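1. 3D, please:
(chains A, B, C and D)
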2 protein chains.
Amino acid sequence: MSEGRSPQGETLLFLTDEQLRQGAEAMFFAYRGFTADPDRILDGLSYGRAHHRALHFIHTAPGTTVNNLLTILGVTKQSLNRVLRTLIEDGLVESQVGRTDKRERHLYLTEAGEALERELSDAQRTRMRAAFRDAGPEAVAGFRRVLEAMMDPEMRRQYHKLRGGRG
Amino acid sequence: MSEGRSPQGETLLFLTDEQLRQGAEAMFFAYRGFTADPDRILDGLSYGRAHHRALHFIHTAPGTTVNNLLTILGVTKQSLNRVLRTLIEDGLVESQVGRTDKRERHLYLTEAGEALERELSDAQRTRMRAAFRDAGPEAVAGFRRVLEAMMDPEMRRQYHKLRGGRG
DNA sequence: ATTTTAAGTCAGCCTTGTTGACATTCCAAG
DNA sequence: CTTGGAATGTCAACAAGGCTGACTTAAAAT
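-> This is a model prediction of the structure:
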């Protein structure tokens, strides 16, 4: 792979293998920080990161179907079902049979579910808020632009779908 | 949590809970993309993401000790050992007894190890290169600033240590 | 001489992902 | 109305990759 001088000089320095490698390491270390705080809370309860993800996306898209959630989370229905079952048993998630299509189950957070989701997300957001504030608005815009460009097209579609109207 | 108008008006719009939530979702989806390509390669071999991480950091810091690698990866020695053992058995990693301190083992990639590391990292970098190019140099600078601010202080220290001289 | 440190190993457990097989329910097409 | 296919749920088995705890070996440090 190319090192150093390109025809454009310094303009593409951020595309050298070394810079890309640093970007990868930054993703690795930052993702650890990103999940650390909610993970600490979950450690006490009998839940894991998978439960947090389910709670997060049901909160974001209330009434979403199981299939929908599968696509977003990128796991098998068996994997999701294990998580979802405990959340329903524990009264954090409610599953309602669809009105128009009774095969579908629409998922909602109960009050208890909303409460736990808020606790986990607050922990995560506290760190992100500090990071965003430290880095500044322009850095945050760049951050999001790069992350979005890094997604699989299908996931980018899902991402935009979730934002719909919000952003 | 606060919504909308702050004393500073639009300046802090990127700190609303909604914006932070979107940032979290971006991290989630982007990390999936980030790992997808090397994961596909590893699927064929009898290795996993943990092997990739070990190869990556031994490549980055050749001669690193086991303890060092433990700190960087943030796993237990038992967990790392399982991965390291197979890599050594398969001739991808070499373990050399320390000269000054004979308790330590210094880790190096063999030629075969370098080859696999390159294959995996190339796959990962291809996506990152495209993302960086699409987003532009200023976005990349912001991307890295935010990720760095998101790390645990100890991990930020490790991150800078790895960069040492490079950046 | 004793304690501490680095590394390795064994055993067992948990979470969370995977396949494969199969039942149920229900929409929709023939 | 019957049948095919889709959406959901469930059972079983398995694997990767985390974890803890207990223990050994060798070498350094005190």
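2. now the residue in chain A that chain B sits nearest to, nearest residue through space, not along the chain?
-> Among all residues of chain A, A:Gly142 sits closest to chain B, at 2.4 Å; criterion: C-beta to the nearest C-beta. To be clear about C-beta, it is placed using only N, CA and C from the backbone, and glycine gets the same treatment. For A:Gly142, ignoring the flanking residues on the chain, the nearest one in space by C-beta to C-beta, 6 or more residues apart in numbering or on different chains is B:Gly142 at 2.4 Å.
3. Report the angle between the host helix or strand of the one you found and helix A:137-150.
-> Per DSSP states H and E, B:Gly142 falls inside helix B:137-150. Helix B:137-150 and helix A:137-150 meet at an angle of 100 degrees, taking axes from the mean of the first three to the mean of the last three C-alpha atoms, to 10 degrees as the criterion.
4. I'd say A:Met150 and B:Arg125 touch.
-> No - here A:Met150 does not reach B:Arg125: they are 11.6 Å apart, not a contact under C-beta atoms under 8 Å.
5. Tell me which of those two has more neighbours.
-> Neighbours were counted for A:Met150 and for B:Arg125 using other C-beta atoms under 10 Å in any protein chain shown; A:Met150 has more, 27 against 22.
6. OK, contacts around the more buried one?
-> Residues in contact with A:Met150 (C-beta atoms under 8 Å, 6 or more residues apart in numbering or on different chains) are B:Ala30, B:Gly33, B:Phe34, B:Arg127, B:Met128, B:Ala131.
7. let's see 6 Å
-> With contact set as C-beta atoms under 6 Å, 6 or more residues apart in numbering or on different chains, A:Met150 has these partners: B:Ala30, B:Gly33, B:Ala131.
8. quick one: which of these is most hemmed in?
-> Counting by other C-beta under 10 Å, B:Ala30 has the largest number of neighbours within the contacts of A:Met150, with 26 neighbours.
9. Without its sequence neighbours, what residue ends up closest to that residue?
-> A:Leu147 (3.9 Å).
10. Let's see the pLDDT reported for A:Thr11.
-> Note on A:Thr11: pLDDT of 69.
11. Kindly report the same for A:Arg133.
-> The model reports A:Arg133 with a pLDDT of 96.
12. Does it fall in a helix, a strand, or a coil region?
-> helix (DSSP: H, G, I helix; E, B strand; the rest coil).
13. That one - nearest residue in space that isn't next to it in sequence?
-> B:Leu15 is the one closest to A:Arg133 (C-beta to C-beta, 6+ apart), at 6.4 Å.
14. Ok, A:Leu20 next?
-> Leaving aside its chain neighbours, A:Leu20 sits nearest to B:Arg125 (4.5 Å; criterion: C-beta to C-beta, 6+ apart).
15. From DNA strand C, how far out is A:Asp43?
-> A:Asp43 is 9 Å from DNA strand C, where distance means C-beta to the nearest atom of the strand, to the nearest Å.
16. Find the helix or strand that that residue is a member of.
-> Per DSSP H and E: helix A:17-44 holds A:Asp43.
17. Beyond that helix, next helix or strand please.
-> Heading C-terminal from helix A:17-44 (DSSP H and E), you reach helix A:49-60.
18. quick check: angle from that next one to helix A:17-44?
-> Here the directions of helix A:49-60 and helix A:17-44 differ by 90 degrees (the same axes, to 10 degrees).
19. Dihedrals phi and psi, the residue in chain A positioned nearest to DNA strand C?
-> In chain A, the residue that lies nearest DNA strand C is A:Gly48 (1.6 Å; C-beta to the nearest atom of the strand). A:Gly48 adopts backbone torsions of phi -130, psi -170, taken as degrees, to the nearest 10.
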